[in-house]
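J.: Let me see the structure of the following:
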Amino acid sequence: MKFTRTTRLLTGRPDAAPYLCVLFPVALVALFHQFLVLPRGLRIDLPEASSPTAVAAGERALVVGLDSNEQLYFENQRVEWSELKDLLSARTRADRGPRTLLLQADRDVRTARLTELSGIARQAGIRDVVFLTRPVAQ
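T.: Predicted coordinates for the structure are as follows:
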């Protein structure tokens, strides 16, 4: 028995509905993907200061983060206090350039820890320690 074909492929007007059903969800995800995924990282609440930080825009520097639990972060990784001096001195010897340490310390960190950290930096051969701050809200 032979069946007759009643539909003809790729003839007639194309329907836009299937294409739009795919296009709209893809467009929404493309537009709002940065809001759908939370950024990874640790919040460090920098203290406010009325004077800006005195660091040149092109100056190469090393950055150390210190959160409210007094945990150290160097090169986007958590490091121990005992390892920090070796890491800083290795970087200053290898690069021969960065003689400035930018310290991103949370406002709840004790002053004794900041003094200890600047002493470690000086022993590693770093000349200047700059405490980063936020500008005062107007």
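
J.: Output the contacting helices and strands for the helix or strand in which residue 129 is found.
T.: Residue 129 is part of strand 128-131 when elements are defined by DSSP states H and E. Secondary-structure packing of strand 128-131 (3 or more Cβ pairs under 8 Å, 6 or more residues apart in numbering; DSSP states H and E): strand 100-105, helix 111-123. In this view, the C-beta of every residue, glycine as well, is placed from N, C-alpha and C.

J.: got the CA positions of that strand in CSV?
T.: Provided in CSV are the C-alpha atoms of strand 128-131 (Å, rounded to 0.1, in the frame of the first residue of the first chain):
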residue,chain,number,x,y,z
ASP,A,128,56.9,51.4,51.2
VAL,A,129,53.7,50.1,52.7
VAL,A,130,50.5,51.9,51.6
PHE,A,131,47.2,51.3,53.4
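
J.: Identify the residues contacting stretch 105-123?
T.: The contact list for stretch 105-123, computed with Cβ atoms under 8 Å, 6 or more residues apart in numbering, reads 44-47, 64-68, 70, 72, 81, 84-85, 88-89, 101, 103, 129, 131-132.
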